[in-house]
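# would you be able to build a 3D model of this:
(chains A and B)
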Amino acid sequence: MRYLTPRKSAVGLGAAHEGTQHHWQMTVSAVALAILTPLFMITIACAIGLPRELVVAYFGRPLPALITGLFVIVGMVHFIKGTRIMIDDYCHGWTRKAAIILSAIFGWAVIAAAVYALVRMGLGAIIVL
Amino acid sequence: MADVNRGNRPLSPHLQVYRLPLAAVTSIMTRITGHALVAGIVLIVWWLVAAVASPGAFACADWVMRSWLGFIILTGSMWALWYHMLAGIRHLFYDAGYGLEIEQAERSSQALIAGSVLLAILTLIIFFLF
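Numbers count the residues shown, from 1 in each chain, chains lettered A, B, ... in the order given. A predicted model of the protein is given here:
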């Protein structure tokens, strides 16, 4: 016969079999974003108002491209995990599933769009050279 | 004796009349700013994709970026980003077990609001000066 002792309920990964992974991943991305946020603001502030050719050339450079790419990727992964918590709090049943799926699709679509644009600008810079 | 203490009972904190403490308001604002930031990132990513798509697409996205609506979205996002970042840093301290006393949370909430507004104003000044 097995007994559910207080120790047993505390050991292992818990009912969701995820343990503290979600929280830890939010912590890691939060620290990364705390570093990236000021850099991203400076990067975007320098690019706003430029004509199209200069915008393309600007994001073809390594630092603006890396900062923008990292910020959008880490930021949207942080967003998907963050909305997951809000959805878990306020939505139930079918709505919850739909909302989680939509938030993941939206988040990865934004990442893909930004990476696509940055790759195009980077390759454009190489072709011009 | 049913009504000995009718006038002095503790009242239930009914949600619709209950005034939230400042620490609760700043905590909820963290979630709201985090989700509202979607508007800013979508606008910027649209602008980036438009830049590689075609001159017409860029002209359209750039017009929105420089319009009053774009200014409101970008400035709002900038403040929300500062706020969310400062609140996130506070959360890291919470996680480590610091600042959890009521007076400390009250003070960090005031610092959070003041700090984010100050950083936003500073960012705007720097942006328009350079």
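
# where does A:Tyr90 land on pLDDT?
We have a pLDDT of 93 for A:Tyr90.

# any idea how far A:Ser103 is from it?
13 Å (Cβ to Cβ, to the nearest Å). Any C-beta I mention is one placed from the backbone N, CA and C, and that applies to glycine too.

# am I right that B:Leu37 is in contact with B:Trp82?
No - counting by Cβ atoms under 8 Å, B:Leu37 does not reach B:Trp82; the two are 10.8 Å apart.

# test my guess that A:Phe71 contacts A:Leu36.
Yes - judged on Cβ under 8 Å, A:Phe71 makes contact with A:Leu36 at a distance of 4.7 Å.

# picking up where we left off before, looking at A:Tyr90 and A:Ser103, which is more packed in?
A:Ser103 (21 against 10; other Cβ atoms under 10 Å in any protein chain shown).

# B:Gly115 and B:Ala87 touch, don't they?
No - using Cβ under 8 Å, B:Gly115 makes no contact with B:Ala87, being 9.8 Å away.

# tell me which element B:Leu43 falls in.
helix B:22-53 (DSSP states H and E).

# got the contact list for A:Pro64?
A:43, A:46-47, A:58 (Cβ atoms under 8 Å, 6 or more residues apart in numbering or on different chains).

# just the buried members of those?
Using 16 or more other Cβ atoms under 10 Å in any protein chain shown as the burial test, the contacts of A:Pro64 include A:43, A:47, A:58 as buried.

# let's have those residues in CSV, adding distance to chain B, secondary structure and pLDDT.
As requested, these are exported to CSV (distance: Cβ to the nearest Cβ, whole Å; DSSP: H, G, I helix; E, B strand; the rest coil; pLDDT from 0 to 100):
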residue, distance to chain B, secondary structure, pLDDT
A:Thr43, 10, helix, 96
A:Ala47, 9, helix, 95
A:Tyr58, 10, helix, 95
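
# tell me what the biggest helix by length in chain A is packed against?
As assigned by DSSP state H, the longest helix anywhere in chain A is helix A:93-128. Applying 3 or more Cβ pairs under 8 Å, 6 or more residues apart in numbering or on different chains; DSSP states H and E, one finds that helix A:93-128 makes contact with helix A:52-60, helix A:62-90, helix B:22-53.

# relative to helix A:62-90, how tilted is the longest one?
This means helix B:22-53. For helix B:22-53 against helix A:62-90, the angle by axes from the mean of the first three to the mean of the last three Cα atoms, to 10 degrees is 130 degrees.

# helix B:22-53 close to chain A?
Yes - using Cβ under 8 Å from any Cβ of the partner chain, helix B:22-53 comes into contact with chain A via B:31, B:34-35, B:37-38, B:41-42, B:44-46, B:48-49, B:51-52.

# filter these down to the buried ones.
Looks like those have B:31, B:34-35, B:37-38, B:41-42, B:44-46, B:48-49, B:51-52 buried, using 16+ other Cβ under 10 Å.

# so where is the chain shaky, pLDDT-wise?
Just so you know, I chose chain A. A:1-2, A:9, A:125-129 (pLDDT under 70).

# sorry, should have said chain B
B:1-7, B:9-15.

# swap the cut-off to 90 and go again
B:1-21, B:129-130 (pLDDT under 90).

# what parts of it come near chain A?
B:31, B:34-35, B:37-38, B:41-42, B:44-46, B:48-49, B:51-52, B:55, B:58-59, B:62, B:65-66, B:74, B:78, B:81-82, B:85, B:88-89, B:91-92, B:95, B:123, B:126-127.

# repeat that for 6 Å
Within chain B, the positions adjacent to chain A are B:34, B:45, B:48-49, B:51-52, B:58, B:81, B:85, B:88, B:127 by Cβ under 6 Å from any Cβ of the partner chain.

# return the closest of the residues you listed with respect to A:Thr27.
Nearest to A:Thr27, judged by Cβ to Cβ, of those is B:Gly88 at 9.4 Å.

# which helix or which strand is home to the nearest residue to that closest one once chain neighbours are set aside?
Spatial nearest neighbour of B:Gly88, excluding adjacent residues (Cβ to Cβ, 6 or more residues apart in numbering or on different chains): A:Ala30 at 4.7 Å. For A:Ala30, the element it lies in under DSSP H and E is helix A:21-47.
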